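A.B. asks: okay, predicted coordinates and the sequence, questions at the end:
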Amino acid sequence: MSATAQHYDVIRKPIITEKATMASEANAVVFEVAMDSTKPQIKEAVEALFGVKVKAVNTTITKGKVKRFRGQQGKRKDVKKAYVTLEEGNTIDVTTGL
């Protein structure tokens, strides 16, 4: 498997919420990442895919909620988020993918 494919396995998708937008004002970007990924792997993947310098990576795991659908009980999946703080002068525009 190529290195680029591994990076895409680590980073699933950007998270665009009100809280993530507020974090972008502090030069941070929020991504959904693989549950088994580590902070060094996340840093390497972001630097390789977007060509930016990463200052810090903070992660959080959100447990999936139990929900009902048509009377059947189900569970949402657990999600790992990475708050990636970028060095000064580096930006990632997640709305355009650049």
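C.D. replies: It's in. Residues are numbered from 1 along each chain as shown.

A.B. asks: what residues are up against the spatially most central residue of the chain?
C.D. replies: When C-alpha atoms, centre = their mean is applied to the chain, the residue found nearest the centroid is Phe31 (1.4 Å). Shown in contact with Phe31 (C-beta atoms under 8 Å, 6 or more residues apart in numbering): 11-15, 42, 46, 81-82, 84. Heads up, the C-betas are built off the backbone N, CA and C, glycines and all.

A.B. asks: how about Asn27?
C.D. replies: 55, 85-86, 88, 90-91.

A.B. asks: measure the nearest residue to Glu47 once chain neighbours are set aside to Gln73 for me?
C.D. replies: Residue nearest to Glu47 in three dimensions, not counting chain neighbours: Val54, with 5.6 Å by C-beta to C-beta, 6 or more residues apart in numbering. Shown here: Val54 relative to Gln73, a distance of 40 Å by C-beta to C-beta, to the nearest Å.

A.B. asks: before we move on, what about Val94?
C.D. replies: 34 Å.

A.B. asks: mind listing the strands for this structure?
C.D. replies: 11-14, 28-33, 54-62, 66-69, 72-75, 79-86 (DSSP state E).

A.B. asks: buried sites along stretch 55-64?
C.D. replies: Val57 (16 or more other C-beta atoms under 10 Å).

A.B. asks: distance from it to the middle of the chain?
C.D. replies: 8 Å (C-alpha atoms, centre = their mean, to the nearest Å).

A.B. asks: contact partners of that stretch?
C.D. replies: Here stretch 55-64 has contacts from 27, 33, 35, 39, 42-43, 46, 75-87, using C-beta under 8 Å, 6+ apart.
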